[in-house]
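**Q** predicted model and sequence below, questions to follow.
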Amino acid sequence: MESLTKIFTTLLFFIWVNASQAQISANNSTVKGNNQFAIELYKQLTQGKQTNLFVSPYSISSALAMTYAGAKKTTATEMAQVLHFAPDNLHKDYKTLADHFKNINRKGLELKIANALWGEKTQRFLPTYLSLNQKYYQSKLENLDFKKQPEQSRLIINKWVEGKTNNKIKNLIPKGLIDQRTRLVLTNAIYFKGDWQYIFKKSQTRRMPFIAKNQRFPGIKFMGMQRRFRYTANQQLQAIEIPYKDHKMSLMILLPKGKDGLSALEKQFDAATYQKLIDQMRYTKVKLSLPKFKMTVSTKLKETLQQLGMKTAFNNQADFTGMTGTSDLKISEVVHKAFVEVNEKGTEAAAATAVIMRAKKASVKHPTPPVIFKADHPFMFIIKDNKTNSILFIGKLENPKATS
């Protein structure tokens, strides 16, 4: 059987974001900004931590872009700086990206993105704000009774997320995060399922140890394959792209050369390094050993976004007058949940983010021996679109036995 990859991502926000039509490239300012935010978010979330991580920064950026559409003054400035938004073309670019991702779909490759706005039924939202989200993010306003039925409203939103992620992301918004003061929730869901371009044969799977900094995990199942992949290496790391059907998307593995080298790699890794590695890759014969793994990661992002510099949006000075015409809203929390599983069939993954807004009162051709790429110690991984190099998912594996 061919390997497959499934990925699900869902975002919940009091404001909503999507993507756009037309042609788009890796040099697009929104694509470059999204990737810069993706890596800065990853570094902030992993700082000083030796645990598994998996998030969809594209989902988070999308949801926050919809929120940004209603932000003004300092609130908007800080959001643009942290998220690396290029304001002039931002919403058009997201529409272009959405259309590009739609066109990726084919037999063996499925990528779906959905958005929705969930508003308090008594709250008035500006028609200009709603029409912008509808036009560029295909995000329709759904009315809920947050004031009288906050728990039922939470369950309705979570059910939507679950449906858009093939039941992989459940209970995205925990109990208590939606209350009578909630006025808007923005949701984004992304689902990806892709067959590998090349087959991982189950007969090649072997048990080997995986060695983390302070722990050894014996008997981990490693998939194996030898063939030509896009590959590069330097003194610090090896990097490989494992393509999905028709080479439209790839799983990129960044493997430190030292067994304990991941933290040093993370410190030096940035958007320029990411693009440079891609540019340096050449088709090379590789003997690949990759562990099967699975993880579920839930993250509250308010503190992380504040640490990155997005502070005003969360306090009583927040200005989202572009949503309602009045300065009565702020973001109370941003929650994200992501799931990924990698095996011989491929990768299955899902992620969800919720932003909750409240009232303020509350090629090598000569024959050469294969390069050995043995991912038997902690590594970073990225699931990317190959045309634009957009980072859709990013994570790291520290413990191959952890399931949550």
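**A** Nice, thanks for sending it over.
**Q** show me the strands in the stretch 251-400 of the chain, by range?
**A** In the stretch 251-400 of the chain, the segments counted as strands under DSSP state E, counting those that start in this stretch are 282-291, 293-300, 329-343, 346-359, 371-374, 379-385, 391-397.
**Q** average pLDDT for the third one, rounded please.
**A** Per-residue confidence for strand 329-343 averages out to 87 on the pLDDT scale.
**Q** tell me what angle that strand forms with strand 379-385.
**A** 100 degrees (axes from the mean of the first three to the mean of the last three Cα atoms, to 10 degrees).
**Q** how far does strand 329-343 sit from its chain's centre?
**A** 9 Å (Cα atoms, centre = their mean, to the nearest Å).
**Q** pull the CA atoms of stretch 44-62 into CSV?
**A** Only the C-alpha atoms of stretch 44-62 are listed here, as CSV (Å, rounded to 0.1, in the frame of the first residue of the first chain):
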residue,chain,number,x,y,z
GLN,A,44,8.8,30.6,21.7
LEU,A,45,6.8,27.5,22.4
THR,A,46,9.8,25.2,22.7
GLN,A,47,12.1,27.5,24.6
GLY,A,48,13.6,25.5,27.5
LYS,A,49,11.2,22.5,26.9
GLN,A,50,12.2,19.0,25.9
THR,A,51,8.7,17.8,25.0
ASN,A,52,6.9,16.9,21.8
LEU,A,53,5.3,19.8,19.9
PHE,A,54,2.9,20.0,16.9
VAL,A,55,1.0,23.1,15.8
SER,A,56,-0.4,24.6,12.6
PRO,A,57,1.0,28.2,12.4
TYR,A,58,-0.9,28.7,9.2
SER,A,59,-4.2,28.0,11.0
ILE,A,60,-3.2,30.3,13.8
SER,A,61,-2.1,33.1,11.4
SER,A,62,-5.3,32.7,9.4
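**Q** where does the protein have low pLDDT?
**A** Applying pLDDT under 70 to the chain flags the ranges 1-22, 361-367, 403-404.
**Q** just send the strands of the stretch 251-400 of the chain back as TSV, with distance to residue 49 and mean neighbour count too.
**A** Where you see a C-beta, it was placed from the backbone N, CA and C, and this is true even at glycine. Putting the strands of the stretch 251-400 of the chain into TSV (distance: least, Cβ to Cβ, whole Å; neighbours: other Cβ atoms under 10 Å) gives the following:
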stretch	distance to residue 49	mean neighbour count
strand 282-291	20	18
strand 293-300	11	19
strand 329-343	16	25
strand 346-359	18	28
strand 371-374	24	16
strand 379-385	13	23
strand 391-397	9	25
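**Q** with respect to residue 309, which of these lies nearest?
**A** Of all the strands of the stretch 251-400 of the chain, strand 329-343 sits nearest to residue 309, with 14.2 Å by Cβ to Cβ.
**Q** which other helices and strands contact that closest one?
**A** For strand 329-343, the packing partners by 3 or more Cβ pairs under 8 Å, 6 or more residues apart in numbering; DSSP states H and E come out as strand 4-13, strand 53-55, helix 57-68, strand 182-195, strand 293-300, helix 302-308, strand 346-359, strand 391-397.
**Q** just want the most central residue of the chain.
**A** residue 56 (1.1 Å; Cα atoms, centre = their mean).
**Q** for residue 152, what are phi and psi?
**A** phi -60, psi -40 (degrees, to the nearest 10).
**Q** now swap in the one 3 residues further on and tell me
**A** The phi and psi torsions at residue 155 (degrees, to the nearest 10) take the values phi -70, psi -40.
**Q** helix or strand right after the biggest strand by length in the chain?
**A** In the chain, with assignment by DSSP state E, the single longest strand is strand 216-233. Per DSSP states H and E, strand 216-233 leads on to strand 237-243 as the next helix or strand towards the C-terminus.
**Q** who are the packing partners of that next one?
**A** Going by 3+ Cβ pairs under 8 Å, 6+ apart, strand 237-243 lies up against strand 216-233, strand 249-256, strand 282-291, strand 371-374.
**Q** partner strands of the last one and their direction?
**A** On the basis of DSSP bridges, the sheet neighbours of strand 371-374 come out as strand 282-291 (parallel).
**Q** run the chain-centre distance for the partner strand.
**A** 25 Å.
**Q** how about the helices in the stretch 1-150 of the chain?
**A** 29-46, 57-68, 73-83, 90-104, 127-137, 150-164 (DSSP state H, counting those that start in this stretch).
**Q** domain assignment for this protein?
**A** The record's domain split for the chain, according to automatic domain parsing, is 4-195+294-359, 202-292+365-397.
**Q** among these, show me which one is buried the most.
**A** Comparing these by mean neighbour count (mean count of other Cβ atoms under 10 Å), domain 4-195+294-359 ranks first with a mean of 21.
**Q** leaving out the residues flanking it, which one is nearest to residue 154?
**A** Spatial nearest neighbour of residue 154, chain neighbours left out: residue 178 (4.4 Å); criterion: Cβ to Cβ, 6 or more residues apart in numbering.
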